[in-house]
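Engineer: Any chance you could fold what I've pasted below:
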Amino acid sequence: MARHSPSSVALLALMKLQGVGRRKALQVAGGVSPTATWTDYLEMVLERAARERLPASDLRVAWSRAEEQLEQSAEAGIVAFSIYDEGYPAQLKTIPDPPAVLYVKGSTEALHDPRAIAIIGTREPTPFGEEVARRSGRTVAERGVVVISGLAHGCDTLAHEGCLDAKGAGVAVLAHGLEKVYPAANRKLAERLLEFQGCLVSEYPIGMTPMRTAFAERDRIQSGLSRAVFVIETDVKGGTMHTVRFASDQKRQLACVDHPVKWRHEDKTKGNQQLIRERRAAPIADGAALAAFLDQIAALPTVDQQASAKPVQTGFAF
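Structural biologist: Take a look at the predicted model:
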């Protein structure tokens, strides 16, 4: 019996065709009844692909390859959810450019925490930032909230370690296939995340190696899975600021560490200062401010509640 849905096969197959990205794949494969048989699904996708002048022979070959790849994934403990599947995270569906297929290794429960917080920051934090990243991960986990990050060196790693110190659940969003872990130095950390009912997530199938552009694309998923993004430390440029921009586009709440004066000369705190100065992020100066931020996040309406209610003002005052 298949361990993946027809829609996940269809989307993966379409994205294997030359010139077809996730947006085109979603356009061709969308709107098919979830109760359609595999044969019906294939025929409907073939019909739509023909209208888009996509070669049917190429699509049939890609379909077969996609089935094989997803079966290999399942054997490796990796589950694939298309955006049309019930297990796809509701929060992630709300972003402007959601993954067509999401691959998950580990417990999927953590993906559905409506209060999840992304804790992000530079790969080279100050000593102050190192301590705050670990302590923040622990604080969030102690409240039963999922910690989301990218498993990168520096702030990501420390936030995940703090989360695990409190035996909390964490989600690591990777920029490659889930049969491997990059950076390799964090393999043990990834294993610990799985042990504590966390998971590894990617929009890339097995066999996909890390590419430079994939890391920037990965950032939109970190914020997309989260209700809020908390920046530990960042310069005015860099990967962390990519996630900040995605958070803004996705209407996620944003906060960042407000450093003591003695650390404000450091380049790795300049981005924080800019975000606070421009009033784009709530300043978090201490544990009490973080606790207040988490309380306000918990009080926000969930995705389901937002769908049935009028927009509310969610600004923070610190």
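Engineer: low-scoring stretches of the chain, by residue?
Structural biologist: 1-2, 32-34, 304-318 (pLDDT under 70).
Engineer: Please parse it into its domains.
Structural biologist: The chain breaks down into these domains under automatic domain parsing: 6-78, 109-303.
Engineer: which of these is buried the deepest?
Structural biologist: When the domains of the chain are scored by mean count of other CB atoms under 10 Å, the highest mean neighbour count falls to domain 109-303 (a mean of 20). Bear in mind the C-beta positions are built from the backbone N, C-alpha and C, glycine included.
Engineer: hey, where'd the strands end up in the stretch 101-250 of the chain?
Structural biologist: With DSSP state E, counting those that start in this stretch as the definition, the stretch 101-250 of the chain shows strands at residue ranges 101-106, 117-120, 147-149, 170-173, 199-202, 228-231.
Engineer: by contact count, what packs against the host helix or strand of Ser8?
Structural biologist: Assigned by DSSP states H and E, Ser8 belongs to helix 6-15. Helix 6-15 sits against helix 22-29, helix 38-51, helix 56-75, strand 78-82, strand 101-106, with contacts defined as 3 or more CB pairs under 8 Å, 6 or more residues apart in numbering; DSSP states H and E.
Engineer: Adding distance to Ile95, write the ones you listed out as JSON lines.
Structural biologist: Listed next are these as JSON lines, based on distance: least, CB to CB, whole Å:
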{"stretch": "helix 22-29", "distance to Ile95": "12"}
{"stretch": "helix 38-51", "distance to Ile95": "24"}
{"stretch": "helix 56-75", "distance to Ile95": "23"}
{"stretch": "strand 78-82", "distance to Ile95": "15"}
{"stretch": "strand 101-106", "distance to Ile95": "12"}
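Engineer: So which of the ones you listed is nearest Ile120?
Structural biologist: Ile120 lies closest, by CB to CB, to one member of those: strand 101-106, at 19.4 Å.
Engineer: partners of the closest one in the sheet?
Structural biologist: strand 78-82 (antiparallel), strand 199-202 (antiparallel) (DSSP bridges).
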